[in-house]
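>>> fold the following and give me the result.
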Amino acid sequence: MNPDQPVPVRPRVVVVDDASQTRDTFHLAYQALEVVATFHTVESLLAAQPQADLVVLDLLLSPDLNGSVLQGPRAIMELVHHGYRVCMYTDERRLLVLARCFAAGASGMVRKLDSVADNQAAFLQVAAGQSVVPPSMVELAELLRRRRRLPELTGRQTEVLNARARGEAWDALARRLGISPKTAQDHLAAVMAKMVGFLQQAGLDPYASAADVEHALGLAPGDLNDPGMR
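Numbering: from 1, shown residues only. Here you go, the predicted model:
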């Protein structure tokens, strides 16, 4: 997709999911989206190279016949490298996994267990160029910043992080700071990347749970709790 072209009323969406039921029914559930193609693997999408405004990606895909499959942060990096905008479609809850995915270039995350109406609204937001980041990710970064555990952030990165932690909308905070929404989202992506680096230096496994992160960082149980992530 040419980033300078406006997103159509019904954005073109490609779905990558190893569940045939998801691939077969996605267009029925999300009728505000134009599903132009579905694929079992990222490799098959990249081989076909369909034109799309958004790739909806399941994070955990079954291996192919050769026993390997491109998934997770590596898959996101490859898709972004080929010019695709990526929204994770997953019920992954592990904070470091999600942070690594956003640092790899994902623009949003939608939970499979959430309502169709909420998910469709989120897909439309991501397709329109906005970022949809789970509150738990922003809260973790803000908590680490307050406790001086996060590597030094720039003034603008801190402003964007604080605004998103308060729930301020992208358009509103961009206007207030005199920057574009895309620039604001890039600042938050930089914060996610710094957070990943810090957590890895702290010795956390990429698949650490919220409880593991709390223990490693000396936080109280429940400090990273997000009711929406349960």
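>>> okay, CA-based contacts and neighbour counts for the rest of this
Fine.
>>> from residue 107, how far out is residue 34?
Residue 34 sits 19 Å away from residue 107, going by Cα to Cα, to the nearest Å.
>>> oh, that last question was meant for residue 32, not what I typed.
Distance from residue 32 to residue 107, by Cα to Cα: 19 Å.
>>> so these two - more neighbours on which side?
residue 107 (26 against 16; other Cα atoms under 10 Å).
>>> would you agree residue 188 falls within a helix?
Yes. If the criterion is DSSP: H, G, I helix; E, B strand; the rest coil, then residue 188 is within a helix.
>>> buried set for the lowest-mean-pLDDT helix or strand in the chain?
Taking mean pLDDT, DSSP states H and E as the measure, helix 210-217 is the helix or strand of the chain with the lowest mean score, a mean of 73. For helix 210-217, a neighbour-count test (16 or more other Cα atoms under 10 Å) marks 210, 211, 212, 213, 214 as buried.
>>> between those, which sits nearest residue 147?
The shortest gap between residue 147 and any of those belongs to residue 214, at 12.8 Å (Cα to Cα).
>>> hang on, that closest one packs against residue 202?
No. Using Cα atoms under 8 Å, residue 214 makes no contact with residue 202, being 11.6 Å away.
>>> show the end-to-end separation of stretch 43-52, please.
End-to-end span of stretch 43-52 (Cα to Cα): 16 Å.
>>> give the buried residues for it.
Buried, per 16+ other Cα under 10 Å, within stretch 43-52: 43, 45, 50, 51, 52.
>>> kindly report the same for stretch 176-187.
Applying 16+ other Cα under 10 Å to stretch 176-187 flags 181, 184, 185, 186, 187 as buried.
>>> just the C-alphas of the helix or strand containing the second one, formatted as PDB.
Same thing as residue 184. Following DSSP states H and E, one finds residue 184 within helix 181-201. Coordinates of each C-alpha in helix 181-201 appear next as PDB, following Å, rounded to 0.1, in the frame of the first residue of the first chain:
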ATOM      1  CA  PRO A 181      -0.400  11.400  14.900                       C
ATOM      2  CA  LYS A 182       2.100   9.300  13.000                       C
ATOM      3  CA  THR A 183       5.000  11.100  14.800                       C
ATOM      4  CA  ALA A 184       3.400  10.600  18.100                       C
ATOM      5  CA  GLN A 185       2.900   6.900  17.400                       C
ATOM      6  CA  ASP A 186       6.600   6.600  16.400                       C
ATOM      7  CA  HIS A 187       7.600   8.100  19.800                       C
ATOM      8  CA  LEU A 188       5.600   5.500  21.600                       C
ATOM      9  CA  ALA A 189       7.100   2.700  19.400                       C
ATOM     10  CA  ALA A 190      10.600   4.000  20.400                       C
ATOM     11  CA  VAL A 191       9.500   3.800  24.100                       C
ATOM     12  CA  MET A 192       8.400   0.200  23.500                       C
ATOM     13  CA  ALA A 193      11.800  -0.600  21.900                       C
ATOM     14  CA  LYS A 194      13.700   0.900  24.900                       C
ATOM     15  CA  MET A 195      11.400  -1.100  27.300                       C
ATOM     16  CA  VAL A 196      12.200  -4.300  25.500                       C
ATOM     17  CA  GLY A 197      15.900  -3.700  25.700                       C
ATOM     18  CA  PHE A 198      15.700  -2.900  29.400                       C
ATOM     19  CA  LEU A 199      13.600  -6.000  30.200                       C
ATOM     20  CA  GLN A 200      16.000  -8.200  28.300                       C
ATOM     21  CA  GLN A 201      18.900  -6.700  30.200                       C
END
